[in-house]
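Student: Sequence first, predicted model second:
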Number of protein chains: 2
Amino acid sequence: MTIKPVISHSLVRSSDATVANWNERLIIDMVRREGGTTRRYITANTHLSQQSVHRLVDGLVSRNFLHIGDSVINGRGQPSPLININAEAVYGVGVSINTDSVRLSIADLNCQEITNLKVDVDPANRDSALPILRDAIYECLETNDIRKDRVLGVGVAISGYRMGAKDVFVTPEPLETWSNTPLIELFETAFQMPVWVENNATAGAIGESLKGAGFAHSCFAYLSFNSGFGCGVIYEGKPFCGGFNNSGEMGRLYTPDQMLHRPALGELLLRLGKSGIHIESIDKLYTNFNPNWHGVDEWIAEVKPQLNLAIRALRATVDPTAIVFGGEAPPVLKRLLIAACDELDLDRYGREITLPAYIASDLPGDPSTIGAALLPLKDCVLT
Amino acid sequence: MTIKPVISHSLVRSSDATVANWNERLIIDMVRREGGTTRRYITANTHLSQQSVHRLVDGLVSRNFLHIGDSVINGRGQPSPLININAEAVYGVGVSINTDSVRLSIADLNCQEITNLKVDVDPANRDSALPILRDAIYECLETNDIRKDRVLGVGVAISGYRMGAKDVFVTPEPLETWSNTPLIELFETAFQMPVWVENNATAGAIGESLKGAGFAHSCFAYLSFNSGFGCGVIYEGKPFCGGFNNSGEMGRLYTPDQMLHRPALGELLLRLGKSGIHIESIDKLYTNFNPNWHGVDEWIAEVKPQLNLAIRALRATVDPTAIVFGGEAPPVLKRLLIAACDELDLDRYGREITLPAYIASDLPGDPSTIGAALLPLKDCVLT
DNA sequence: TTAATAACCACACTTTGTGTGTAGAAATAA
DNA sequence: TTATTTCTACACACAAAGTGTGGTTATTAA
């Protein structure tokens, strides 16, 4: 049984029951990325003619995805009315399930996070978690005055890799309860809304593609420093999933020996513990991090070879134009990790080669939750 | 100045001047891959309706890309006429420029190699090579009775990585003369035909996607064992080029120290030479290879760690469903290399994970030349 | 012999784009 | 002030490429 969209009829195209066709999505995403623009600009920057842009924008305005604002003067000629996103047109709900916490988030059509909260459930117990999560979602929508028929669906970010189907995961052991189950059916039944499921690193990458590095890069790798260490790849603006849908599963790069020294924050917590600094969760690390703590420099030195190996592997295979340092690492730590990267910008004949940009993600908090909330938007109305 | 297609007007669609639109290409490629099929099969295996398939096939038959053959009976109902590829409809010409040889090849619409020959030119001297190559192409077309208006264009495979534009390469030093030049304009001017340019590993991968592993895999990595060691990635049936267009440039994976022990056949020739076995070219290695030669086992052991690192890097980032061992390595050597691959099929909790298939390519001779000849076909009429 | 099935094909229709042409509004240049 | 320019707005005819309906025909199973 597939859950049908619950969104308003006025938002759905009568012809094919989708929310927006590809050219409409191109226009919505262009308006969003530009933070408002004119029909003139859209005509100049798409393959569409003036007449087509006019008709498509008209339709999107009448279906309330876009607003017409004041006119702007661009030299001679009639001024262009500004076209703006109607941020309240549709929303995406995001849920991230991590080993130590479950978070909930709502994003509007502008990809702005409306709310982000920790849900007080035990992620290790599926049966008790699902109804609590469902209640939390509906309560959260009500609190924020969001009608249910404006919600495209729920994106779920979970750590682990896929096995067979696109929605069956093998999770880290603390999340064993979510393993080997078709998650879409599970969540759709629980939430009574359409559901998307994605690996947490890829969810972070999607968030970055819509709000951060994606403005300048259409092919980049997103390093996700969480309890573990993962990676999401964006190619041609879309998530790259590979053959078995496990692209970016960095554990497969390392030998068992190297695994112990990979840049996973869970390992950092252990090292800090040994130095007498006891941090109980990645959450707390984010808020309390001090780069002068005893053990930080040592850990950076310890993981540096594995971090550089990951970057070499990405450059050799994916060849991204940017590598984004994200996940739940504290901002200062991201900068320390970037500083630890070797800059191998010469080929074997000593000729210069272009390096990818190393970027510290500045999406706040847990990027996989906001990324999860953006999944429905990305899949229905954006590009 | 862009060279216009020289193919017959009867093969080009009047509406948009392309050779075939996407649905037509889907059908042509399905007929090709099936080695002939019925409209019934096409209808069942595409998103197209019976009526649309009928209309599209009709158009392709009247434009001579397809032939209608005998009918086959499939149980009750009217028998279906067989639809076959007209192999002589269009052709692609391929040129590969390697450090030690220049090869020329012609492929028909069935992706069958019509001819493959070594061109007697010095690849190190561009100005003398171009006119000789042009003459060789036209002579070769004449010899094989192929009219010029059936040729889609020339694909060129060259070793090296891209710099900036998609047709500007930085080549290995022996091919310095082809470096830092927009190659499309260069070759189009010389050949007076449309030209495609591709890295030789990716050209091999494209060949494999049309004639070998591509029948079963839409995402695979193609390891190209040549004088150097490269890789081409196919994703969703198409070449994956990454952000800077240098996906698969495996040199970037290795440290300078590892580079000396990477699985490049040029290095094998050096090791064999030290053992008193003097092979003058990769060509000769292909025809005369003996796995019992002193030095072969030692070389396999020497490169094994770097080969496995490449595979780990590919599995972590691209996650292909197959890894094809190709390039100019002799068949026996490919099998030895496959045997040297560790099979890391357990995750860090000891759970089983699906391995990619390790496949020895059985395209004969130099795959990059045939791959080059397939470039125009892939880009104009196949998918 | 007859019913069922599948292929074939004509036709009307829909969606989604294009190009042409016209009218009008507002800013700038002379 | 007036003319020019630039851009919006909109009507209309048209084209490409798909769909659905329904009828005809060929073959097999009962």
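Tutor: Done, it's in.
Student: ok, the closest residue to residue A:7 other than its chain neighbours to DNA strand C distance?
Tutor: Nearest residue to residue A:7 in three dimensions, chain neighbours excluded: residue A:149, at 5.2 Å (CB to CB, 6 or more residues apart in numbering or on different chains). In short, each C-beta sits where N, CA and C put it, glycine included. Using CB to the nearest atom of the strand, to the nearest Å, residue A:149 is found at 22 Å from DNA strand C.
Student: Neighbours of residue A:149, how many?
Tutor: Using other CB atoms under 10 Å in any protein chain shown, residue A:149 has 13 other residues around it.
Student: just the one 5 residues further on next, same as before
Tutor: The burial metric for residue A:154, expressed as a neighbour count using other CB under 10 Å, is 28.
Student: so it sits right up against residue A:91, yeah?
Tutor: No: in this structure residue A:154 lies outside contact range of residue A:91 using CB atoms under 8 Å: 10.4 Å.
Student: Now do the SS call for residue A:204.
Tutor: When classified by DSSP: H, G, I helix; E, B strand; the rest coil, residue A:204 comes out as helix.
Student: likewise residue A:149?
Tutor: Recorded secondary structure, residue A:149: helix (three-state DSSP).
Student: gap between it and residue A:187?
Tutor: Residue A:149 sits 19 Å away from residue A:187, going by CB to CB, to the nearest Å.
Student: Need the pLDDT of residue A:2.
Tutor: Looking at residue A:2, its pLDDT reads 54.
Student: cool, and the one 5 residues further on?
Tutor: The confidence metric pLDDT takes the value 76 at residue A:7.
Student: what about it, how many neighbours?
Tutor: Number of residues near residue A:7 (other CB under 10 Å) recorded here: 23.
Student: Please name the residues that touch it.
Tutor: Applying CB atoms under 8 Å, 6 or more residues apart in numbering or on different chains to residue A:7 gives the contacts A:19, A:90, A:149, A:150, A:151, A:152.
Student: Now restrict these to buried residues only.
Tutor: Taking 16 or more other CB atoms under 10 Å in any protein chain shown as the criterion, what is buried in those is A:19, A:90, A:150, A:151, A:152.
Student: what's the average pLDDT for stretch A:164-176?
Tutor: Summarised as a single mean, pLDDT over stretch A:164-176 is 93.
Student: send the alpha carbons of it over as PDB?
Tutor: The C-alpha trace of stretch A:164-176 is given here as PDB (Å, rounded to 0.1, in the frame of the first residue of the first chain):
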ATOM      1  CA  GLY A 164      19.100  -4.700  -1.600                       C
ATOM      2  CA  ALA A 165      16.200  -2.300  -1.700                       C
ATOM      3  CA  LYS A 166      16.500   1.500  -1.500                       C
ATOM      4  CA  ASP A 167      14.700   1.600   1.800                       C
ATOM      5  CA  VAL A 168      16.300  -1.400   3.600                       C
ATOM      6  CA  PHE A 169      19.200  -0.500   5.700                       C
ATOM      7  CA  VAL A 170      21.900  -2.200   7.800                       C
ATOM      8  CA  THR A 171      22.300   0.100  10.700                       C
ATOM      9  CA  PRO A 172      25.000   0.500  13.400                       C
ATOM     10  CA  GLU A 173      24.400  -2.000  16.200                       C
ATOM     11  CA  PRO A 174      22.600   0.500  18.600                       C
ATOM     12  CA  LEU A 175      20.000   1.000  15.900                       C
ATOM     13  CA  GLU A 176      19.600  -2.700  15.100                       C
END
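Student: Show residues contacting that stretch.
Tutor: Residues outside stretch A:164-176 that contact it (CB under 8 Å, 6+ apart) are A:97, A:99-100, A:123-124, A:158-163, A:178-185, A:197, A:199, A:227-228, A:241, A:245, B:347, B:349, B:351, B:353.
Student: Of these, keep whichever come out buried.
Tutor: Buried, going by 16+ other CB under 10 Å: A:97, A:99, A:123, A:158-163, A:178-179, A:183-184, A:197, A:199, A:227-228, A:241, A:245, B:347, B:353, out of the contacts of stretch A:164-176.
Student: Quick one: the strands in the stretch 51-200 of chain A, in order.
Tutor: A:66-72, A:80-85, A:91-97, A:102-108, A:113-119, A:151-158, A:161-162, A:169-170, A:195-199 (DSSP state E, counting those that start in this stretch).
Student: Tabulate these (CSV), appending distance to residue A:302.
Tutor: Listed next are the strands of the stretch 51-200 of chain A as CSV, based on distance: least, CB to CB, whole Å:
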stretch, distance to residue A:302
strand A:66-72, 51
strand A:80-85, 45
strand A:91-97, 28
strand A:102-108, 29
strand A:113-119, 30
strand A:151-158, 28
strand A:161-162, 25
strand A:169-170, 27
strand A:195-199, 26
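Student: Low-confidence stretches in the stretch 1-150 of chain A?
Tutor: Low-confidence segments of the stretch 1-150 of chain A, defined by pLDDT under 70: A:1-6, A:75, A:77.
Student: thought residue A:309 was touching residue A:253?
Tutor: Yes: using CB under 8 Å, residue A:309 makes contact with residue A:253 at a distance of 6.6 Å.
Student: okay, those two: which has more neighbours?
Tutor: Neighbour totals were compared for residue A:309 and residue A:253, and residue A:253 leads with 24 against 21 (other CB under 10 Å).
Student: That one against residue B:310, yeah?
Tutor: No: counting by CB under 8 Å, residue A:253 stays clear of residue B:310, with 10.7 Å between them.
Student: so which strand or helix has the nearest residue to residue A:319 once chain neighbours are set aside?
Tutor: Leaving aside its sequence neighbours, residue A:319 sits nearest to residue B:242 (CB to CB, 6+ apart; 3.2 Å). Using DSSP states H and E, residue B:242 falls within no helix or strand.
Student: can you map out the helices along the stretch 101-250 of chain A?
Tutor: A:126-143, A:183-191, A:200-211 (DSSP state H, counting those that start in this stretch).
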